[in-house]
Each structure stands twice: as structure tokens, then as C-alpha cells.
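Undergrad: pasted the sequence and its predicted model underneath.
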Amino acid sequence: MPWFYLLIAGVLEVAWATGLKSSEGFTRPGWSVFTLVTALGSFWLLALAMRQLPLGTAYAVWTGIGAVGAFILGIVVMGEAASVARVASAALIVLGLIGLKLSSGA
């Protein structure tokens with residue numbers, strides 16, 4: 001169950017990061033509320049996952065899911081550049097996340 005919590009926490013991190021961008025510095029109330037609610041949910045699920053997972057593993061995977069998810073969303077939805085170097089760098093993050101999962105023992 002902790003890995004499931006961590007996965008959903010990571011997805012919510014992507015959501016709140018997207019909301020933060022869309023809130024335009026918290027000047028758009030709907031997006032601002034969305035950002036705060038999804039951030040709270042993300043932190044709560046991360047805390048639940050950390051009950052059973054090591055701190056370093058849980059935090060690295062959470063931020064990695066958020067970083068790669070936001071990266072993909074930025075390219076697909078917001079039209080950001082997808083250079084070979086950027087995609088290769090994101091792929092290295094994913095490899096690191098897989099390595100942490102496989103070596104965590106939890």
C-alpha cells in the first residue's frame with residue numbers, strides 16, 4: 001500500500017505544480033484553491049507512504065514522479081520544447097526511480 005500512496009502523491013504533485021502555473025501567482029482563485037487542495041493531498045499521501053518507506057526513497061520517488069510528470073505535461077499540454085537532451089535527462093530520472101524501487105526492500 002505505501003507504494004500506491006506514493007504513486008498517487010506523485011500524481012497529485014504534478015497536479016498542484018500545474019495548478020500553481022495556472023494560478024498565475026495565486027491571482028486566479030479557482031486555480032489557487034485547486035493548487036492548495038492537491039498540494040495538501042500530495043503531502044498527506046506522502047506522509048502515509050513514509051510510515052513504511054525509507055525517507056530518502058519516498059522523498060526521491062515523490063519528487064521524481066512530480067518532476068517527470070510535470071516535464072511530460074509541459075511538453076504535451078503546454079507546448080514546451082522536447083529536445084533530445086531534455087528527454088534523455090528525464091529518462092535518467094525514471095531509471096533512478098526504478099532503481100530506488102527495486103532496491104528499497106519495502
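TA: Perfect, I can see it now. Because the structure is a prediction, the values reported are computed rather than measured. Numbers count the residues shown, from 1 in each chain.

Undergrad: can we go C-alpha only for contacts and neighbour counts from here?
TA: Fine.

Undergrad: what's the closest non-adjacent residue to I93?
TA: In this structure, I93 finds its nearest non-sequential neighbour in G64, 6.5 Å apart by C-alpha to C-alpha, 6 or more residues apart in numbering.

Undergrad: who's in contact with the one you found?
TA: G10, I93, V94, L97 (C-alpha atoms under 8 Å, 6 or more residues apart in numbering).

Undergrad: TSV for the residues you listed, including neighbour count?
TA: Converted to TSV, the contacts of G64 look like this (neighbours: other C-alpha atoms under 10 Å):
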residue	neighbour count
G10	26
I93	19
V94	17
L97	20
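
Undergrad: and for F4, the neighbour number?
TA: 11 (other C-alpha atoms under 10 Å).

Undergrad: could you identify the helix or strand that succeeds the helix or strand encompassing it?
TA: Assigned by DSSP states H and E, F4 belongs to helix 2-22. Counting by DSSP H and E, the next helix or strand C-terminal to helix 2-22 is helix 29-49.

Undergrad: quick check: the closest residue to G30 other than its chain neighbours vs G74, distance?
TA: Leaving aside its sequence neighbours, G30 sits nearest to S23 (C-alpha to C-alpha, 6+ apart; 7.7 Å). Per C-alpha to C-alpha, to the nearest Å, S23 is found 15 Å from G74.

Undergrad: higher neighbour count, those two?
TA: S23 (19 against 15).

Undergrad: let me see the contact set for the more buried one.
TA: By C-alpha under 8 Å, 6+ apart, the neighbours of S23 are P29, G30, W31, S32, T35.

Undergrad: wait, the last one touches W16, no?
TA: Yes - using C-alpha atoms under 8 Å, T35 and W16 qualify as a contacting pair, with a distance of 4.5 Å.
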